[in-house]
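**Q** Have a look; sequence and predicted model below, questions after that.
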Amino acid sequence: MALECGLTKEEYILIINKIGRTPTFTELGIVSVMWSEHASYKNSIIYLKTLPKDGEMILSKAGEENAGVIDIGDGLAVSFKIESHNHPSAVDPYNGAATGIGGCLRDIFTMGAKPIGSLNSLRFGDYNDQTVKKLVKEAVRGMADYGNTIGVPCLGGEVYFDDAYKGNPLVNAMVIGLTEQKYLMSASAKGVGNYVVYVGAKTGRDGIHGSSFASKEIDEDTLEKEISVPKGDPVAEKHLLDATIEAIQKGLVVGIQDMGAAGLTCTTSEMSAKAGTGIEIDVAFVPLTEKDMSAYEIMLSESQERMLMVIKPDNFEVAKNIFTNRGLYAEKIGKVTDDKMLRVFHNGELKAELPSNFLVLGGEAPVYKREITEPEYLRKTRIYKAEQIDEPSDYNEILKKLLSSHNIASRKSIFHQFNDSKEIESIIKPGGDAGLIRIPGTKKGIAASVDCNGRYCYLDAFQGTMAAVCESARNVVCTGAKPIAITNNLNFGNPYKPEVYWNFVNSINGMKEACIALKTPVTGGNVSFYNESPTCAIYPTPVIGMVGIIENIEKAVTIDFKQENDLIFLLGDNCNEICGSEYQKLIEKKPNGMPPLVDLEKEITLQETMLELVDKQILASAHDCSDGGLAVAITECCFENDIGCILEYRMIYRADFELFGESHSRIIVSLSPDRRNDFIKICEKNNQIFIELGKTSTKVIKINENIKCEISALKELYLNSIKF
């Protein structure tokens, strides 16, 4: 039975030695889900602990609470978190994606914060594959339907297509919330004698062993089986959100946690372990969809729209009415005890009795350091020479193909699935470098971006992850906001495979180095292992969610050129590399070589210079130069207002490398000619490299003698490559 639950022989012996007897059936289930990779991070926590967590504005450190929290001044706080729902979305894309964003939303409002925006990071196989296309549509529809019903606007995101994700798509959702600091909550079961209260929807058999399902590879048998993916109810979630915020703001809640992975098991064990207390419950009081559910099933169910609260006895009836008035359940199922034990009864019969700390991450749950081996494929990729690619005969054609590439083309048809919120003012909507929203009642804004180039990480996990941190920060900086902190979603294959674990460890090291340099500590996140299909593992994909603050949103900048005859500059240097680029993929169908190297000193200088330029309102536009290189980035700046450009500058390297290569630490900016001297003074003062490229013009893009195209023709390709 223990092996069937996913426990090893050694882990089973640990259980027996701890409790001094053979565990019950329910106890085995409890330990198996709590010690699964998805819940315990047993194969990753040893390295996650090395990431930087301290910062001036950090209110909640990684691993301490349901979500990270930063202080944005004026008594306000922003909470944010990114989560994955990869395996459920592969089996049932609509419900998998919907419940993915639903769980992330609950992580935010259990902190006492009202969700104000979401982002998504999605990876699928080849978009031309009809099965993949259907999966994309259903996953996006699931996220949009859920988020729209709640009233949380989509701020942006990223969508990539590659055969590496064909059998194992990635569906990562990020949510941002806002609260007054006085309402911040903790997932802690404090106060002996306080009531343990179940709130939300009923519990059913859906999602049982969901955390275990997320802790193994997807194979053909998995896809053929009837996997019970939980189904979400966004209307119930909206009521739950409103009721929870009301109860918190009325001071009725001592502690609270979302019933996510491992459901009631996770909340009871983690909340009591965190407080150093115990919890005793009788699951007969849990509202059920089916009457004959066992204690094992109730404890392991992952039904949606449920949370666990700790409430003082005197406040229970008032709190209960807040939930029941909205059609939700609020039932006392137990109490907080003083003996650090988790006890589970069913109709008065004891079914499980385990030390809470024995079960949880950071407690006595097992921690492993797996074997690492440098991937064999790197021996081949590292000797690759990009010079073997022939220069193109038609640069216009290359630009057209890149703009219509599914990894570069407009995502407007995807973002249009999401509705705006009447309560939240979006200053920069999806499609920019980062989303930007106004903090109600202030001039402040919150900018957010998610980013990762899986091809870079495949070629070098250390450099690729540093690049993801830097680009996500650069996207935020391009709006005028200062990067503050990150959350992460680490998507990898099977950690028991030494080559996979090598990439994971190097990715953590790259993230650590970049975050320390940029002063953007890690507030939390998620690890998703076992992202493998019968054919291959995914590319290492450490998605970085970056949050930044701008003090005055009236100074914010967007990517689009504003008027003719403005000057165009490149902050940064010429490019002489194409490895890992979309251009290389277009020519050779796969990544090869060493990805662009990250120079952290250059990146810091660039971001500081950019923030000063924005603060002094010198720029008319700014756009990060990344996927597709300089030519694609310049063209994207032309589309919004149908303003072209004439670029005449000295190229140092091969024209295709300069135009389509993807070197880091580069931003394209435009400004009025009368601000030219101010721009140059700031750049020279900061020792920032820059190149004067040319100026904006009529509806044609011309780059030296290499490219000349009508904006309208390029725009047609860009807008219509991905359709829903």
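**A** Everything's here; your move. Residues are numbered from 1 along each chain as shown.
**Q** Ends of stretch 43-53, what's the gap?
**A** For stretch 43-53, the first-to-last residue distance is 20 Å (C-alpha to C-alpha, to the nearest Å).
**Q** Pull out the buried residues from it.
**A** Of the residues in stretch 43-53, those buried by neighbour count under the rule 16 or more other C-beta atoms under 10 Å are 43-45, 47-48, 51-53. Glycine gets a C-beta too; all of them are placed from N, C-alpha and C.
**Q** hmm, which two among these are most spread apart?
**A** The two members of these with the most space between them (C-beta to C-beta) are Asn43 and Pro52, at 21.2 Å.
**Q** domains in this structure, as residue ranges please.
**A** Taking automatic domain parsing as the domain assignment, the ranges for the chain are 24-47+185-364, 54-184+425-553, 557-724.
**Q** out of those, deepest packed?
**A** Mean neighbour counts were compared across these using mean count of other C-beta atoms under 10 Å; the top stretch is domain 54-184+425-553, at a mean of 24.
**Q** Endpoint to endpoint, it covers what distance?
**A** Domain 54-184+425-553 has an end-to-end distance of 27 Å (criterion: C-alpha to C-alpha).
**Q** now swap in stretch 313-329 and tell me
**A** End-to-end distance of stretch 313-329 (C-alpha to C-alpha): 17 Å.
**Q** Contacts for that stretch next, please.
**A** Under the contact criterion C-beta atoms under 8 Å, 6 or more residues apart in numbering, stretch 313-329 has outside partners 193-195, 197-202, 236, 239-240, 242-243, 246-247, 250-253, 287, 309, 311, 330, 332.
**Q** please redo it, this time with the cut-off set to 6 Å
**A** The set of residues external to stretch 313-329 that reach it, using C-beta atoms under 6 Å, 6 or more residues apart in numbering, is 195, 199-200, 239, 243, 246-247, 252, 287, 311, 330.
**Q** Would you check which pair of those lies furthest apart?
**A** When the contacts of stretch 313-329 are compared pair by pair using C-beta to C-beta, the farthest-apart members prove to be Tyr195 and His239, with a separation of 21.2 Å.
**Q** residue boundaries of the helices in the stretch 201-350 of the chain?
**A** 210-213, 220-224, 234-249, 263-275, 295-300, 316-324 (DSSP state H, counting those that start in this stretch).
**Q** Please report how far Ile544 lies from Lys519.
**A** Using C-beta to C-beta, to the nearest Å, we find Ile544 at a distance of 15 Å from Lys519.
**Q** Oh, that last question was meant for Gln563, not what I typed.
**A** 36 Å.
**Q** now swap in Gln417 and tell me
**A** Counting by C-beta to C-beta, the gap between Gln417 and Lys519 amounts to 36 Å.
**Q** got it, and Ser413?
**A** Counting by C-beta to C-beta, the gap between Ser413 and Lys519 amounts to 37 Å.
**Q** Val132 too?
**A** For Val132 relative to Lys519 (C-beta to C-beta), the value is 39 Å.
**Q** repeat for Lys562
**A** If you go by C-beta to C-beta, the gap between Lys562 and Lys519 works out to 32 Å.
**Q** Help me confirm that Ala275 comes into contact with Ala187.
**A** No - when contacts are counted by C-beta atoms under 6 Å, Ala275 is not listed as touching Ala187 (9.2 Å).
**Q** ok, for Trp35, nearest residue in space, not its chain neighbours?
**A** The shortest distance from Trp35 to any non-neighbouring residue, by C-beta to C-beta, 6 or more residues apart in numbering, is to Ala365 (5.5 Å).
**Q** Quickly list what the residue most central in space within the chain is bridged to.
**A** Nearest to the mean C-alpha position of the chain, by C-alpha atoms, centre = their mean, lies Ile82 at 3.8 Å. Applying DSSP bridges to Ile82 gives these bridge partners: Met174.
**Q** doesn't Gly545 make contact with it?
**A** Yes - in this structure, Ile82 is within contact of Gly545 by C-beta under 6 Å, at 4.5 Å.
**Q** which residues do those two both contact?
**A** Taking C-beta under 6 Å, 6+ apart as the criterion, Ile82 and Gly545 both touch 174, 487.
**Q** Against Leu288, how distant is Glu648?
**A** When distances are taken as C-beta to C-beta, Glu648 and Leu288 turn out to be 72 Å apart.
**Q** do the same with Thr8
**A** Thr8 sits 32 Å away from Leu288, going by C-beta to C-beta.
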